[in-house]
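**Student:** With the sequence up front, the predicted model follows.
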Amino acid sequence: MHATPSSSRVALPAAFQRLAWSNLVAQSAEQISLAAAPLVAVFALGADARGTGLLQTAQTLPFLLLSIPLGVWADRRSRRTLMALAESLRVVAMLCVLMLLLTHALNLPLLGVLGFIAATGTVAYNVAAPSLVPSIVSREAYASANGRLELARSVAYSAGPALGGLLVGWIGAGWAYGCAAGLSALAVALLAGLREPPRAPVPARHFMHELRDGMRFVWHDALLLPMLATAVFFNLGFFVLQAVYVAYAVHRLGLSASAVGITLGAYGVGMVCGALAAPATARRLAFGRVLMIGPSCGLLASLVMVATLVAPSFWLALLSFFLLGVGPILWVVGSTTLRQAITPQRMMGRVSALNSTATYGARPAGALLGALISAHWSVDACLVVAAAAFLVQASIIAMSPAARLARIPEQQHAAAC
């Protein structure tokens, strides 16, 4: 779509501002804890690549198991309450990790269980926040609002891993988890002041009937289905890489905890750059072309990481994670905007949940695959498999009708695309 210049200047209401700020601090809490966890596992608990892969699996499994139940909740009840309750669970989990670290009672299984509990907050935000946006923001401001949310996430992805690595390396893991708990508590406080517009009562229906309606809508939509498949393979490849990266960076690239944090932080820097460039990119390119940028950058990033097998380099690893951030952020903004534009409001939560289940559910599958491949073959094989997954996702979107869109269609046009 060629975006109108005014679309990026639409005023966003106070309710959205609270949602955006709570999203920023919640995403920051998540990124600090996610960066700290594998560093604690490797440096404090002596975990190998298999151990960090299993830890990644535990921390991403809630996306697979909880997205759909939480999505149905989001269509039936208060989305604000859902996010606040789930984020409160993250506070409790992070405080438990802090206490276990201070008492030297932490082990890898406990770290995985508490990471699983903490991820509930992220799942709730991923399902409920995109569903809440159309009820508090006008249609012409969807892209602007989604861009703002993704810019906040980009800042968190940029600062969180670097800060987590620095805190673990300089002061200790306890401070990292204490900081994460404090930020999550602030997110809950911000949500408490958000006024969610009332919705029409929804007739009580069986859970499976509501789920089936959402699945049927996505499965038969010529735009949503290939975009969903693209996201699945992107996340599969990304988490095969993520599962082994810290151990690979420490043992093969010779990086310190701080250097590992900086390379991971380049992902967030790339996201910030991509988010800042998004308005100008949308004005200059057709919408389908914008959607192609993310998968293409993902493929290039995976090939750069494979190059470190031949030429081990901090700078190549840094570039790879930067590319993984700069392009895909345009994909997230565009795909979320398209989903909101063509999905009926009554099933927004379920469609968002199905998207979250499929895409984020690919994360534990990718992490587990990375752990298995590294255990039976080598970390080198993991990097090659990740690159193959990135090749598949780029091919899917390139061949789909979404890549040929000139603009975002209206709801009534979606079925004909």
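**Tutor:** Received, thanks. Residues are numbered from 1 along each chain as shown.
**Student:** residues in contact with A118?
**Tutor:** Contact analysis of A118 by C-beta atoms under 8 Å, 6 or more residues apart in numbering lists 30, 33, 59, 89-90, 93-94. The C-beta positions use only the backbone N, C-alpha and C, and glycine is treated the same way.
**Student:** Which secondary structure element is home to it?
**Tutor:** Assigned by DSSP states H and E, A118 falls within helix 108-136.
**Student:** among the contacts of A118, which are in helices?
**Tutor:** Among the contacts of A118, the residues falling in helices (DSSP state H) are 30, 33, 59, 89-90, 93-94.
**Student:** from those residues, which two are the most distant?
**Tutor:** Farthest-apart pair in the ones in helices among the contacts of A118 is Q59 and L89; separation 13.7 Å (C-beta to C-beta).
**Student:** out of these two, which sits in the busier spot?
**Tutor:** Neighbours were tallied for Q59 and for L89 using other C-beta atoms under 10 Å; the higher tally belongs to Q59 (26 against 16).
**Student:** I'd like the distance between the nearest residue to that one once chain neighbours are set aside and V250.
**Tutor:** Nearest residue to Q59, sequence neighbours excluded (C-beta to C-beta, 6 or more residues apart in numbering): G115, at 3.9 Å. Computed as C-beta to C-beta, to the nearest Å, the G115 to V250 distance reads 20 Å.
**Student:** that older thread, for burial, what's the neighbour tally of the residue nearest to Q59?
**Tutor:** By other C-beta under 10 Å, neighbour count at G115 equals 24.
**Student:** list the contacts for it?
**Tutor:** Residues near G115 by C-beta under 8 Å, 6+ apart: 33, 37, 55, 58-59, 93.
**Student:** Closest one of the residues you listed to T359?
**Tutor:** T359 lies nearest to Q59 out of the contacts of G115, by C-beta to C-beta, at 15.6 Å.
**Student:** per-residue pLDDT, that closest one?
**Tutor:** pLDDT recorded at Q59 is 84.
**Student:** Surely it is in contact with I117?
**Tutor:** No - contact criterion C-beta atoms under 8 Å: Q59 and I117 do not qualify, at 9.8 Å.
**Student:** got the buried residues for the helix or strand harbouring W21?
**Tutor:** For W21, the element it lies in under DSSP H and E is helix 14-39. Judged by neighbour count using 16 or more other C-beta atoms under 10 Å, the buried positions of helix 14-39 are 15-16, 18-39.
**Student:** any chance of the contacts of G115 in TSV, with distance to R79 too?
**Tutor:** Output for the contacts of G115, formatted as TSV (distance: C-beta to C-beta, whole Å):
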residue	distance to R79
S33	23
A37	28
L55	30
A58	26
Q59	24
A93	22
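**Student:** Which one of these is nearest to T103?
**Tutor:** A93 (16.1 Å).
**Student:** With G182 as the reference, measure out to the closest one.
**Tutor:** For A93, the distance to G182 - C-beta to C-beta - is 14 Å.
**Student:** Repeat that for G254.
**Tutor:** To G182, G254 is 33 Å away according to C-beta to C-beta.
**Student:** More neighbours: the two, which one.
**Tutor:** Shown here are G254 and G182; by other C-beta under 10 Å, G182 has more neighbours (15 against 10).
**Student:** Can you name the helix or strand that that one falls in?
**Tutor:** Per DSSP H and E: G182 is located in helix 173-192.
**Student:** Residues touching that helix, excluding its own?
**Tutor:** 18-19, 21-23, 25-26, 28-30, 32-33, 35-36, 39-40, 44, 80, 83-84, 87-88, 90-91, 94-95, 97-98, 101-102, 121, 163-164, 167-168.
**Student:** can you give me the offset of that helix from its chain's centre?
**Tutor:** Offset of helix 173-192 from its chain centre (C-alpha atoms, centre = their mean, to the nearest Å): 19 Å.
**Student:** which parts of that helix are buried?
**Tutor:** Judged by neighbour count (16+ other C-beta under 10 Å), helix 173-192 contains these buried residues: 173-181, 183-188, 190-191.
**Student:** Check stretch 368-387 too.
**Tutor:** Neighbour counts over stretch 368-387 (16+ other C-beta under 10 Å) mark 368-374, 379-380, 382-387 as buried.
**Student:** out of those residues, which one sits closest to I68?
**Tutor:** Scanning these for proximity to I68, where the rule is C-beta to C-beta, the winner is L368, at 19.8 Å.
**Student:** sec struct for the nearest residue to that closest one once chain neighbours are set aside, please.
**Tutor:** Spatial nearest neighbour of L368, excluding adjacent residues (C-beta to C-beta, 6+ apart): T57 at 4.7 Å. Secondary structure, DSSP: H, G, I helix; E, B strand; the rest coil: T57 is helix.
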